[in-house]
Every structure is written in structure tokens, then in C-alpha cells.
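Chemist: What follows is a predicted structure for the sequence shown.
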Amino acid sequence: DSSEYGATANTSLTDGYTKMTIEAWLKPESLSDIGCFLSRWVAGTGTASFICKVGADGKPAIWIAHDTAGNYHEIISTSTALLTGAWQHVAIVYDGTQGNNDDRGIVYINGLAVATTVEATFPTALQSVSTTIIQVGRYSTANYFDGKVDEVRIWNTARTAGQIAGNYNKALSGSEKGLV
């Protein structure tokens, strides 16, 4: 259902991260302009640390804030779109420690890296924002993901291509190094 979501209590999770990997199994039922499957935002404002979304074209992306005024940079799949009605695994890797801006982000679908564009000069660390919540299935009070989201994983590391391909289809114990 496109109006269901889950949320955490206020958290400092991801504050100041210079590396992060977000993984989730997604089954889109339809595609909209900003169908958010995971976000961390400041309650009652439009300010976010990050927004993971699937656009109207079916391409997964992450927006990462570069200031507190609601301005974002984007890592987006440029070649591969998700299919509606089918389960697909999406992983988005952010690595602010990379000197080359184009190396700071990559998108994987079903364990395979897809062509990716890194917009503008990407931030070297995630913003620290106060009183934030993490939501699964929407951003703010709108922008719902129309479909199902399962097995969301947030890592405080930039997972490698081998780690993603080797583990995306496996159950985790919950005690893996870097899994938050």
C-alpha cells in the first residue's frame, strides 16, 4: 500500500559517516516522481541527511544533503531501472573518502554494479542533524514508496562489489562487522 511506512525514534544513526552502504529488497507496484524507500530527516522540516528513492523512470538513487537548507547531491543509476511487480535487491554505496568525486557513489541492482552518475561535488561526510528519524517507505510526510520494502540494511562501511554480490541474497546473523 502506498501510504504505509515505518519509522524509528529520534536517532543520531549515520551522523558524520564518511562511508555508508544501504541495501534493501524492493518490489515497486508503480513508479512516482519521488518514491522514497528509506530516509533520514529532521521531523517537522524538509531537511534530511539522506533520501533513498526510486524515480518515475524506475531508477534507484540516493540524495545526500550538502547543507541544512535542503540542497542535495545525487547518486543515480543511469542505465538500469527497476521492474514493477518484481522483487529486486538495491544497494547504494557512498564513500566520501574517495578523492575523485565520481568514485564516491555507486548503485547495485541484484548484486551487479550499474552505470552511475555522481552529481556535482559530493559531500565528504553525512550531515549531523538533530532530532532525526529514519523512515522506511516514505520521506517527510509524503513521497511514499508504492510497493513493498524488505530486509533494509544500513552499514557504516563502503561495501565492495564482492561483498554485495556475495551476500545480497543471504540471511544475516545481525552481528556482521559494520552492520548498524
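Modeler: Good, I have the coordinates.

Chemist: May I have the helix or strand harbouring G162 exported as CSV, CA atoms only?
Modeler: If you go by DSSP states H and E, G162 is part of helix 161-167. Provided in CSV are the C-alpha atoms of helix 161-167 (Å, rounded to 0.1, in the frame of the first residue of the first chain):
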residue,chain,number,x,y,z
ALA,A,161,31.3,-5.2,-5.2
GLY,A,162,32.3,-8.7,-4.0
GLN,A,163,30.7,-8.2,-0.6
ILE,A,164,27.4,-7.1,-2.2
ALA,A,165,27.3,-9.8,-4.9
GLY,A,166,28.3,-12.5,-2.4
ASN,A,167,25.8,-11.5,0.3
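
Chemist: Can you tell me how far S39 is from Y168?
Modeler: 21 Å (Cβ to Cβ, to the nearest Å). All C-beta atoms are positioned from the backbone trio N, CA, C, and that covers glycine.

Chemist: When those two are compared, which one has more neighbours?
Modeler: Taking neighbours as other Cβ atoms under 10 Å, S39 and Y168 compare with S39 leading, 27 against 20.

Chemist: how about the nearest residue to G6, chain neighbours excluded?
Modeler: In space, and not counting its chain neighbours, G6 is closest to V136: 4.4 Å by Cβ to Cβ, 6 or more residues apart in numbering.

Chemist: Tell me the bridge partners for that neighbour.
Modeler: Under DSSP bridges, the beta-bridge partners of V136 are G6, L38.

Chemist: What's the end-to-end length of stretch 73-91?
Modeler: 17 Å (Cα to Cα, to the nearest Å).

Chemist: Name the residues of it that are buried.
Modeler: 73-77, 80-82, 88-91 (16 or more other Cβ atoms under 10 Å).

Chemist: out of the residues you listed, which are inside strands?
Modeler: Taking DSSP state E as the definition of strands, those contribute 73-77, 88-91.
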